[in-house]
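Undergrad: Could you look at this predicted model? Sequence included:
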Amino acid sequence: MLSKQELLYEGKAKKVYRTDDPKYYWIEFKDDATAFDGAKKGKITGKGEVNARLSALLFPRLAVQGIPTHFVELLSPREMLVRELKIVPVEVVVRNIAAGSLSQRLGIAEGTPLKRPVLEFYYKSDDLHDPMINEYHIAALELASEEDLALMKNYALKINEYLIKFLQPANLVLVDFKLEFGHHEGKLMLGDEISPDTCRFWDARSGEKLDKDRFRRDLGGVEAAYQEVLRRVEALV
Ligand code: UDP
């Protein structure tokens with residue numbers, strides 16, 4: 001049994017601790033929430049638990065689908081043991097329906113279905129506010145190798161197909177989501193989390209938003225929406 005050692009890094013939504021084995025990290029999911037590049041700050045009670053439990057439910061299922069992930073085990077309702085990753089500084093966004101920044105940038109009404117999934121890449125840099133980049137930037141700046149980029153694209157689209165189908169019986173529509181990848185002992189794996197913080201989930205019947213947009217846009221019922229997503233997904237398994 002590994003033990004929790006010193007805090008390595010505290011992010012907006014998670015704390016990362018060292019363990020007595022350098023190959024594994026101990027992650028604690030927080031209730032703190034930020035939006036708009038940290039300009040909006042708040043707390044979503046119970047969020048850490050929802051995000052940890054949902055991620056713990058989804059990561060092993062993705063592994064079965066051939067997508068390696070950093071997940072090892074859930075240690076408590078909001079703590080997770082993961083493999084240490086050297087993070088690739090590229091965030092991958094997958095979109096099925098226009099929303100958020102895509103709707104704003106391209107003037108497409110939120111809720112417009114896209115004819116095929118759209119992949120976007122963002123350079124992970126707090127100082128630069130995660131600018132959008134394309135595959136040429138990734139190659140020219142050597143942010144990821146050609147082989148890793150191909151794998152990230154392939155994994156992202158596979159995850160999308162799997163999650164769309166998996167969430168369907170829960171009446172959850174997967175609008176868009178963000179993924180992060182990294183290397184563990186030289187192998188590319190999915191990291192971070194899959195949660196209402198990093199995905200847009202809409203109720204299939206009413207279109208009601210069941211994700212972080214409730215916090216971003218002050219829609220109310222934030223905590224209830226997070227709980228509802230977990231409840232519906234747990235009812236599937
Ligand atoms: N997203 C994220 N972290 C970010 C930016 C986006 O998890 O730093 C997720 C977001 O929750 C949504 C998707 O990526 O599911 C696309 O977000 P978008 O580009 O529309 O930006 P936003 O409207 O969230 O600023």
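TA: The structure has been received and is ready for your questions.

Undergrad: Looking at the protein, what residue ends up closest to the ligand?
TA: Nearest residue of the chain to the ligand (C-beta to the nearest ligand atom) works out as G100 at 2.2 Å. Yep, even glycine has a C-beta here, placed from its N, CA and C like the rest.

Undergrad: my guess is that residue contacts D176, does it?
TA: Yes. With contact defined as C-beta atoms under 8 Å, G100 counts as touching D176 (6.9 Å).

Undergrad: Count the residues that sit near the residue of the chain closest to the ligand.
TA: 15 (other C-beta atoms under 10 Å).

Undergrad: try Y9
TA: Y9: 11 surrounding residues under other C-beta under 10 Å.

Undergrad: What pairs with the host helix or strand of it, parallel or antiparallel?
TA: Using DSSP states H and E, Y9 sits within strand 4-10. If you go by DSSP bridges, strand 4-10 pairs up with strand 14-19 (antiparallel).

Undergrad: Next up, the contacts around the residue of the chain closest to the ligand.
TA: Contacts for G100 (C-beta atoms under 8 Å, 6 or more residues apart in numbering) come out as E110, D176, R200, D213.

Undergrad: ok, S206 - how many residues close by?
TA: 9.

Undergrad: Look at it and report its pLDDT.
TA: S206 carries a pLDDT value of 98.

Undergrad: For the closest residue to A204 other than its chain neighbours, give me phi and psi.
TA: Sequence neighbours aside, N171 is the residue nearest to A204 in space, at 4.0 Å (criterion: C-beta to C-beta, 6 or more residues apart in numbering). Per-residue torsions, N171: phi 60, psi 40 (degrees, to the nearest 10).

Undergrad: Show me which residues of stretch 129-143 are buried.
TA: D130, I133, I138, L143 (16 or more other C-beta atoms under 10 Å).

Undergrad: Need the residues that contact that stretch.
TA: 37, 88-91, 120-125, 144, 146, 149.

Undergrad: from the chain's centre, how far out does it sit?
TA: 19 Å (C-alpha atoms, centre = their mean, to the nearest Å).

Undergrad: who does the helix or strand containing L179 touch, helix- and strand-wise?
TA: Assigned by DSSP H and E, L179 belongs to strand 172-184. Here strand 172-184 touches strand 86-97, helix 146-167, strand 187-190, strand 199-203, helix 222-236, going by 3 or more C-beta pairs under 8 Å, 6 or more residues apart in numbering; DSSP states H and E.

Undergrad: and the angle from the second one to strand 172-184?
TA: For the pair helix 146-167 and strand 172-184, the angle between their directions (axes from the mean of the first three to the mean of the last three C-alpha atoms, to 10 degrees) equals 150 degrees.

Undergrad: For helix 146-167, give me every contacting residue.
TA: 58, 61-62, 65-67, 88, 90, 92, 94, 96, 117, 119, 135, 138-139, 144, 173-174, 177, 179, 181, 188, 190, 194, 201, 233, 236.

Undergrad: which intervals of this protein have sub-threshold pLDDT?
TA: Along the chain, no part satisfies pLDDT under 70.

Undergrad: wait, does stretch 19-36 contact the ligand?
TA: No. Judged by C-beta under 6 Å from any ligand atom, stretch 19-36 stays clear of the ligand, getting no closer than 7.2 Å.

Undergrad: ignore the last one, stretch 145-159
TA: No. Residues of stretch 145-159 are not located near the ligand by C-beta under 6 Å from any ligand atom, the shortest gap being 11.7 Å.
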